Structure formats: C-alpha cells, structure tokens
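Participant: Turn this into a model:
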Amino acid sequence: MPTAHIFCSVIDNFGDLGVCWRLARQLSAEHGAQVVLLVDDLAAFQQLDSRIDPELAVQPLDELTLMRWNSHEALALMPAELVIEGFACTLPDNYRTQLTAKNIWINLDYLSAESWIEDCHGLSSPQPNGASTTFWFPGFTPRSGGILRETDLLQRLDDPAQAFNFWQRIGLAQPTTDTPRLSLFCYETGSVSALLEALHESKTELMICAGKALSAINKLLPEPLTIGSCVQHGASTLYALPMLAHTDYDQLLAACDLNIIRGEDSFIRAQWAAKPLLWHIYPQDELAHETKLAAWLERIEAMSAAESPEASTPNHTAQSAWLSAQWAWVRNELNSEHIHELLAELKPLREMMQCWRKHLMQQPDLATQLMRFYANKVESPPEKPHPDKPL
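Facilitator: You can find the predicted model right below:
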C-alpha cells in the first residue's frame, strides 16, 4: 500500500483541482494508496465541497487527508513513495530537496490529443540527490498516459435509477423525449449571447451551472437568475443550478442531450457521458488552444471514418454542423443558426460520441497506468531516458 502525495495549485478555475481530486480519490479507493492531497487554496476547494474548512491546515476528506501545502505541517512532510506534481505546479523547495531515487516523482501534465505527447510521455529528467522526475502526458492513445476513469463510472452514468435520483436531488423532473436538455459550464464569452438568441426560438431546457456560466447568462437577462430558480426564455426554460458535487455533475452530463463544457476535468467527463459536446477550451497565447482543439477533433473524425457503415457513424451533415458550431464557439463567432443546425443533428452526433467512448475504453485509465508504472519502477526496470540526459 504505497503512500502518495498529490500537489495541486489552484489558478483561477476548478479544472486542475478537479483532476487532482478525482485522481486522489481513485488512487485511494481502487489502488489502496494512502493519499495526502495538498492544495494551496482551500477556500476555492470549499466551493466544490462545503465540508472543507479553509482554516484547517490538515483535515480528513473521506478516505483522503487534505492539507494546505503552505502550512507548517506540509513544510514538515517527508516525501511519499509516489509524488505527483499536478500540472507543473512546482514542489516546495524544502520538499523537493528531500526527494531521492527511492521516490517515484511524476510531473502530471495537461491532457492533449496532439501526437507529439506520445514521444514525450514517460521521459525522465535527472534531478539532484539521484531523484528523477517522469513526465506524464494524459492522452487518447495507448502510447499516452490515458485519462481518468473510475471502475464503476460507466455503470453509474448509464443507470436509469442514478439519473432519476439525480433529477430528484436537484428538484427537476426527468427529461422528456421531445424537449432537449442542454448543460452550460463555460467561461464568459460573446457566444453565450448567440446561444440565448437561438434558444429563444427553440424548445429546450438549459441547465446553467453556478459560477461564470451563470454570470454570463445573467448579464443578458432583464432579471438575474438566482441559484435554484428558473425563467421562461421564449420557447426555452432556463434553470440556475447550484454548485454540483462531482458525481452529480457527471450525472448532469449523462442526462443532457448537449453539453457545453470548459477546461479539462469537465472535458474528460463529457466524453465519458457519450453525448454531443461543445468544448470551450481555455484560450492560450498564439492560439495554442486551437491547435489542441484541432488535434482532438481530428482524432474523432478519424475514428468515425474508420468505423464501418453498419456502426451507425454520423452523416456528413451532422459532423459539419458540429464542427461549425465548435469552432464558432471558440472563436466567438457563434450565431443562432449554428445552434439550430446542431440541435437538429443530436441523434447522429450522440451515436458518434458513443462510438468514441467505446474507442477510449480500449486503453487503461490514467490511475491504473500510474500504478503499473509505480510497481514497475519499484522493481527497478531500465528508465526511458530524457533526450537531454547524457548516455
């Protein structure tokens, strides 16, 4: 039963924290690791879980230990057998200098569909005291580090009873077949205005997540929505959801017909939900985010093209509507016609995303790959060297 320390720095959103928290829970629940999750902003974490006390430096969180990493207790920590540096957050100096060759040190990077990560995944870089950090790149191919997926995730997402209980918990009726439900979890953007314009003319139900998505919507309404309230918007109904627990957010994605999501954690979960999605990818300098988005879209298109006709792959019209809406959203060029065309193609797009999920199921999940790597390293196999490491 290895000890594991996972370090996470909260920047301005919840994606990094969401990934690290899910990983911590899975390593503990499914792989028996004794996990300490070190987070530098417990006040932000409290928004995801109200049980957290931001004033406590150390506290239990289900099967984990949660620690504020700039606390005295964290500064005094002896390194764990498995150390995960979440998204290049930079380990504290006093902790890093204690690492040796006995510690398995993972530098967990951001998810990407770009092909170059396959050559970089698993590379090691020598550090002082004989320590070595291994670069871990989550991805969509067997040569990558995989993506997070709990053992029971798909069973939960596909269980009608779970869906029924979810809608009851948030006080809404189960969806009807003739009224599409959409979820909105995005950054503030002009594309929200085009979405509202389109939904004014289309009978839909829009589930708006608390935070930036709700703020963006409220700037466009005559009267702001408050958490738990709803309003009629032309032909559509808008609902303001409370902050959802991770498991409830997963159920929301599975229960909706179209999910508009942002960042990394919700991007991963939306793909396991196997429903059409629009990814509001975080903008980066020099349009690096567009390269990342294009790589993911190309992988799905390639998967669809490889499927036989009898596999119910989506037709060209459906894919074209999806790609047009996806790029328009990211480039802030969305108009109501994009949404109307997308809503008309939800069925074939759902079939496409179901095929994509089956494709992703063919590779081991991220946590399982990490623990296999840990076990192999403990047995001391040869390292895959970094290109800059002298022979």
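
Participant: Check what contacts the least confident helix or strand in the chain by mean pLDDT and list those residues.
Facilitator: Here the helix or strand of the chain ranked lowest by mean pLDDT, DSSP states H and E is helix 72-75, holding a mean of 76. By C-beta atoms under 8 Å, 6 or more residues apart in numbering, the surrounding residues in contact with helix 72-75 are 38, 57, 58, 67, 68, 92, 94, 95. (Each C-beta comes from the backbone N, C-alpha and C, glycine too.)

Participant: Drop anything exposed from these.
Facilitator: Neighbour-count burial (16 or more other C-beta atoms under 10 Å) is assigned, among these, to 38, 57, 67, 68, 92, 95.

Participant: taking these one by one, which sit in strands?
Facilitator: When DSSP state E is applied, the buried ones among the contacts of helix 72-75 are split such that 38, 67, 68 fall in strands.

Participant: Can you check the pLDDT for the nearest residue to the first one once chain neighbours are set aside?
Facilitator: Just to be clear, that refers to residue 38. The shortest distance from residue 38 to any non-neighbouring residue, by C-beta to C-beta, 6 or more residues apart in numbering, is to residue 69 (3.7 Å). As predicted, residue 69 sits at a pLDDT of 88.

Participant: Residue 69: what's it in contact with?
Facilitator: 7, 38, 39, 40, 92.

Participant: I'd like to know the beta-bridge partner residues of the second one.
Facilitator: With beta bridges defined as DSSP bridges, residue 38 has these partners: residue 7, residue 67.

Participant: Check whether it really touches residue 64, as I assumed.
Facilitator: No - under the criterion of C-beta atoms under 8 Å, residue 38 makes no contact with residue 64, lying 10.6 Å away.

Participant: where does the stretch 201-350 of the chain have low pLDDT?
Facilitator: Low-confidence segments of the stretch 201-350 of the chain (pLDDT under 70): 308-314.

Participant: where exactly do the helices run in it?
Facilitator: 212-218, 246-255, 265-273, 288-306, 316-330, 336-343, 346-360 (DSSP state H, counting those that start in this stretch).

Participant: of all those, which lies closest to residue 169?
Facilitator: helix 246-255 (6.8 Å; C-beta to C-beta).

Participant: one step back: and the contacts of helix 72-75, which is closest to residue 316?
Facilitator: Closest to residue 316, out of all of the contacts of helix 72-75 and judged by C-beta to C-beta, is residue 38, at 48.8 Å.

Participant: how deep is residue 374 tucked in, by neighbour count?
Facilitator: 19 (other C-beta atoms under 10 Å).

Participant: what helix or strand is it on?
Facilitator: helix 366-378 (DSSP states H and E).

Participant: how distant is that helix from the center of its chain?
Facilitator: What separates the centre of helix 366-378 from the centre of its chain is 21 Å, taken as C-alpha atoms, centre = their mean, to the nearest Å.

Participant: measure the most centrally placed residue in the chain to residue 321 for me?
Facilitator: Geometric centre of the chain, nearest residue: residue 265, 1.3 Å, by C-alpha atoms, centre = their mean. Distance, residue 265 to residue 321, using C-beta to C-beta, to the nearest Å: 26 Å.

Participant: Also residue 351?
Facilitator: 14 Å.

Participant: Kindly report the same for residue 67.
Facilitator: For residue 67 relative to residue 321 (C-beta to C-beta), the value is 47 Å.

Participant: sorry, back to before: neighbour count: residue 351 and residue 321, which is higher?
Facilitator: residue 321 (24 against 20).
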